[in-house]
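Asks: Kindly return the folded structure for what I paste below:
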Amino acid sequence: MELVIAAISLGLLGSFHCIGMCGPIALALPVHQYSSLKKYLGIFLYNLGRVITYTFLGVLFGLLGQSFFIGGQKAIIKRQY
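Replies: As a prediction, the model looks like this:
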């Protein structure tokens with residue numbers, strides 16, 4: 001249960017990063033002059049690209065982190081959970 005609470009807390013705290021960084025970028029997208037369909041398509045493609053990029057980077061760093069071995073610490077951490 002603690003792991004679920006930690007994950008939700010990190011997600012909520014991480015949303016401030018998205019508001020501060022992704023928000024202004026999303027507001028700067030030049031979609032206001034387009035028709036409704038083209039506007040929503042542009043916003044959808046922006047968010048799809050963002051999600052795919054963050055997913056790829058998460059997998060990449062997860063695989064990289066999985067390969068670390070720091071003096072037996074990884075084995076100790078894994079046994080606790």
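Asks: Mind telling me what element the residue nearest the centre of the chain is part of?
Replies: In the chain, the residue lying closest to the centroid (Cα atoms, centre = their mean) is Tyr54, at 4.8 Å. Tyr54 belongs to helix 36-66 when assigned by DSSP states H and E.
Asks: taking the mean pLDDT, what do you get for that helix?
Replies: Here helix 36-66 scores 87 as its mean pLDDT.
Asks: For that helix, enumerate the helices and strands it packs against.
Replies: Here helix 36-66 touches no other helix or strand, going by 3 or more Cβ pairs under 8 Å, 6 or more residues apart in numbering; DSSP states H and E. Any C-beta I mention is one placed from the backbone N, CA and C, and that applies to glycine too.
Asks: That one: how far from the chain's middle?
Replies: How far helix 36-66 lies from its chain's middle: 8 Å, per Cα atoms, centre = their mean, to the nearest Å.
Asks: Domains of the protein: list them as residue ranges, please.
Replies: According to automatic domain parsing, the chain comprises the domains 1-30, 33-81.
Asks: Which positions within the first one qualify as buried?
Replies: Neighbour counts using 16 or more other Cβ atoms under 10 Å place no residue of domain 1-30 among the buried ones.
Asks: And it, end to end?
Replies: This stretch, domain 1-30, spans 43 Å end to end (Cα to Cα, to the nearest Å).
Asks: what about that domain, distance to the chain center?
Replies: With Cα atoms, centre = their mean, you get 8 Å for domain 1-30.
Asks: Could you do the longest one as well?
Replies: For domain 33-81, the gap between its own C-alpha mean and the chain's C-alpha mean amounts to 5 Å (Cα atoms, centre = their mean).
Asks: mind checking how far His32 is from Ile25?
Replies: According to Cβ to Cβ, to the nearest Å, His32 stands 15 Å off from Ile25.
Asks: make that Leu41, sorry
Replies: Taken as Cβ to Cβ, the span from Leu41 to Ile25 is 17 Å.
Asks: Burial check on Arg50, number of neighbours?
Replies: 14 (other Cβ atoms under 10 Å).
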